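Can you look at this prediction? I've put the sequence above it.
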Amino acid sequence: MRKKLVVGNWKMNMTRGQASAAIESLLLLVDPNTEVEVAICPTYLTIETVSHLLRRSHFLYGAQNVFWMPSGAFTGSISATMLADAGCSFCIVGHSETRGRFGKLEVPESTLGYFSETDETINLKIKSLLYQSIRPILCVGETLAEREAGNTDSVIYDQVKGALAGIEPAEYYSGVVAYEPVWAIGTGKTCDSAEANRVCGVVRKAVAEILDADAAESVQILYGGSVKSGNAAELFSQSDIDGGLVGGASLDAEEFSKIVRSA
Ligand code: PEP
């Protein structure tokens, strides 16, 4: 039986002081006996602050990105070895913002390439995380143009296939995939729950084909894209949706705790 999982992606938000205040509120607001797995992915610079405050709680934490080499001359990068050393349980990979597939374009188009992860670099990142027993949260999702062209399912299948190539099925039994339609991220537009569930089913089928049936049964598949307290319960009650990856709404402790309660 898969557990529900709710992950807060804080993105490039929260100073150390703000992070402390947010975690202290969350610890008061979320039932310590909840069966739901709850994780926060803060910036690299606030991981230490967050981990210290969470040390005696049931909350987990992780990072938003990783570089696949263990160490060396890679200025500005952080390895899975370092994330493991910092106690991270999770790491997001392949987010549409790091793939350079922004839903709502907030950077000049000419700089988009700066962010662009590929299926190959995502695959290397996942392998480096699994080697350190860190659970990857692989994000997949179609742009609006891809959806309108009728290519949603093939885009999702190809992203899952590229990311999981060469991985032993058992290595991904505690892995996570988040279906995040690019057009729904930070835009306030949520994917209809039945359609979100259908595409999460496409992800599960792809995992069964690329890895095996046991991996497909155990992998947690999250929905992400403008999840709020008002739509979380309906989304999380769908058969193939095992929880949520929450961006904007995770910055508000009260709102995030309501989303956790919905799960
Ligand atoms: C995200 O960035 O992973 C996300 C789902 O963002 P939001 O909830 O703000 O749409």
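The structure has been received and is ready for your questions. Numbering: from 1, shown residues only.

alpha carbons only for contacts and neighbour counts from here, please
OK.

For H58, see how far away the residue lying closest to R2 once chain neighbours are set aside is.
Nearest non-adjacent residue to R2, counting by Cα to Cα, 6 or more residues apart in numbering: S218, 6.2 Å away. For S218, the distance to H58 equals 21 Å [Cα to Cα, to the nearest Å].

Scan this structure for its longest helix.
The single longest helix within the chain, with elements called by DSSP state H, is helix 193-210.

Could you look up the next helix or strand downstream of that one?
Once helix 193-210 ends, the next helix or strand along the chain (criterion: DSSP states H and E) is helix 213-218.

by contact count, what packs against that following helix?
On a contact count with 3 or more Cα pairs under 8 Å, 6 or more residues apart in numbering; DSSP states H and E, helix 213-218 meets helix 193-210.

And for the helix it packs on, what's in contact with it?
For helix 193-210, contacts defined as Cα atoms under 8 Å, 6 or more residues apart in numbering pick out 153, 156-157, 160-161, 164-165, 177, 179, 213-217, 219, 221-223, 234-235, 238-241.

so I156 sits right up against C139, yeah?
No. If you go by Cα atoms under 8 Å, I156 and C139 don't touch, sitting 9.8 Å apart.

Comparing those two, which residue is more hemmed in?
Shown here are I156 and C139; by other Cα atoms under 10 Å, C139 has more neighbours (27 against 22).

The helix or strand harbouring the more buried one and the ligand, any residue contact?
C139 is part of strand 135-140, with elements assigned from DSSP H and E. No. Interface with the ligand: strand 135-140 contributes nothing (Cα under 6 Å from any ligand atom), its closest point being 8.1 Å away.

same question, stretch 96-109
No. Under the criterion of Cα under 6 Å from any ligand atom, the ligand is not reached by stretch 96-109; the shortest gap measures 7.6 Å.
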